[in-house]
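Asks: Give me a 3D structure for the following:
(one chain, ligands or ions: 1)
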Amino acid sequence: HDTSVTVIGLGLMGQALAGAFLKAGHSTTVWNRTTAKADRLVAEGARLAPSVGDALTASPLTVICLTDYQAVHELLGATDVALDGTTLVNLTSGSSAQAREAARWAEQRGARYLDGAIMAVPPAIGTAEAVILHSGPQADFAAHESTLGALGTVTHLGADHGLASLYDVAGLAMMWSILNAWLQGTAMLATAGVDAATYAQFARQIAVGVAEWLPGYAEQIDKGSFPAEVSALETDARAMAHLVEESEAVGVNAELPKLIRAMADRAIAAGHGGEQYPVLIEEFRTPRNG
Ligand code: NDP
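Replies: Numbers count the residues shown, from 1 in each chain. A predicted model of the protein is given here:
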């Protein structure tokens, strides 16, 4: 089994990817538009391909990590190298539509294609902390899973090529929502002289506690039935009003509390006040642009 690998794109991330493959003992070919970025990797044992075409045919598996999908199309579209039989793993960040389109394009050229999303910073690559999501045909992932495993904790999400980027942005929504909620509380408590570190201990417990609710709430969403088992949305809405009022009273930003309240108010106006919190999913399913 040939476990050699090619990395195309040696920016901050691509260099980390190639470095991790080398460290794990894979024979590694690299290519970058700006050749000098390969110097350190070549010193560590990588082979510098003289052209993109050579890079693509050097290994059964090619990992691509460029700025964006436009760069990927510019680069691979320009070469008349047959991608026949090659497996491309595109770890460039982009949208689900771009991923699906790139998959069609690559498959028309005879390549196997997996799309991926890196949920990590370059220094984490090669450790278990680096979560790397893949989507596309299961068999193509399985064929290269052990090689890809050199990069971190690798996961296959499903056959739809758009899944990796959708999970990627879903993760960002989670991350920013948790951080923003924490910053809101930090700003409010600072008005009473509480420092960020003190509140962070408490906030962490809240975040962990709320995370425990997700499986049960998800069951309600998947069933489309939202009985108020612990609390009704109109009860929550009264607490939201306190959050808005307190934010205004202590003189901090009330935009986020008001948004939280506005979404619940709309669901209540639509007749869902007696149901449980996850009934708000309808508010999130409805397109609106602030
Ligand atoms: P860099 O800006 O460091 O690197 C960009 C790379 O793309 C370089 O190798 C650059 O080549 C290449 N490139 C851009 N346009 C072209 C083109 N038209 N033709 C050929 N090559 C091109 O970015 P990163 O390495 O940090 O990021 C790469 C991808 O990884 C992005 O999609 C990013 O979102 C994603 N990512 C990055 C993370 C990070 O923390 N850095 C975290 C998670 C994902 P050249 O060197 O010649 O300019």
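Asks: Would you mind listing what in this protein touches the ligand?
Replies: 9-14, 32-34, 37, 65-68, 71, 74-75, 92-93, 118, 121-122 (CB under 6 Å from any ligand atom). Where you see a C-beta, it was placed from the backbone N, CA and C, and this is true even at glycine.
Asks: Out of those residues, which end up buried?
Replies: Among the residues of the chain next to the ligand, those buried by neighbour count (16 or more other CB atoms under 10 Å) are 9-11, 13-14, 32, 37, 65-66, 75, 92-93, 118, 122.
Asks: from those, which is closest to the ligand?
Replies: Ranked by distance to the ligand (CB to the nearest ligand atom), these are led by Gly11 at 1.8 Å.
Asks: need the contact list for that closest one.
Replies: The contact partners of Gly11, taken as CB atoms under 8 Å, 6 or more residues apart in numbering, are 32, 37, 65-67.
Asks: Which pair in the residues you listed has the greatest spatial separation?
Replies: Lys37 and Thr67 (13.2 Å; CB to CB).
Asks: so where is the stretch 101-250 of the chain shaky, pLDDT-wise?
Replies: Filtered on pLDDT under 70, the stretch 101-250 of the chain yields no residues whatsoever.
Asks: Tell me which stretches of it form helices.
Replies: 138-148, 163-190, 196-211, 214-223, 233-250 (DSSP state H, counting those that start in this stretch).
Asks: burial count for Glu101?
Replies: Other residues near Glu101 come to 16 when the count uses other CB atoms under 10 Å.
Asks: do you know how far it is from Ile221?
Replies: From Glu101 across to Ile221, the span is 29 Å (CB to CB, to the nearest Å).
Asks: How many neighbouring residues does Gly216 have?
Replies: Quick note: Gly216 (other CB under 10 Å) scores 12 neighbours.
Asks: now Leu166
Replies: Residues lying near Leu166 (other CB under 10 Å) number 17.
Asks: gap between the closest residue to it other than its chain neighbours and Ala78?
Replies: Nearest in space to Leu166, with sequence neighbours left out and distances taken as CB to CB, 6 or more residues apart in numbering, is Ser96 at 5.0 Å. For Ser96, the distance to Ala78 equals 25 Å [CB to CB].
Asks: Next: Asp39.
Replies: 24 Å.
Asks: what are the ranges of the strands in the stretch 51-200 of the chain?
Replies: Along the stretch 51-200 of the chain, the segments classed as strands by DSSP state E, counting those that start in this stretch run 61-64, 87-90, 112-119, 131-135, 153-156.
Asks: who's in contact with the last one?
Replies: Residues external to strand 153-156 that are found in contact with it (CB under 8 Å, 6+ apart): 128-135, 138, 141-142, 145, 148.
Asks: Which one (most neighbours) among the residues you listed?
Replies: Using other CB under 10 Å as the neighbour test, these are led by Ser135, with 27 neighbours.
Asks: one step back: among the strands of the stretch 51-200 of the chain, which comes closest to Leu163?
Replies: The nearest among these, by CB to CB, is strand 131-135 at 3.8 Å.
Asks: For the closest one, output the C-alpha coordinates as PDB.
Replies: Below are the C-alpha coordinates for strand 131-135, written out as PDB (Å, rounded to 0.1, in the frame of the first residue of the first chain):
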ATOM      1  CA  VAL A 131     -10.000  18.300  14.200                       C
ATOM      2  CA  ILE A 132     -10.200  17.800  10.500                       C
ATOM      3  CA  LEU A 133     -13.500  17.000   8.900                       C
ATOM      4  CA  HIS A 134     -14.000  15.200   5.600                       C
ATOM      5  CA  SER A 135     -16.900  14.600   3.300                       C
END
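Asks: Please enumerate residues in contact with that strand?
Replies: Outside strand 131-135, the residues that touch it by CB under 8 Å, 6+ apart are 89, 91, 99, 114-120, 141, 148, 151-164, 167-168.
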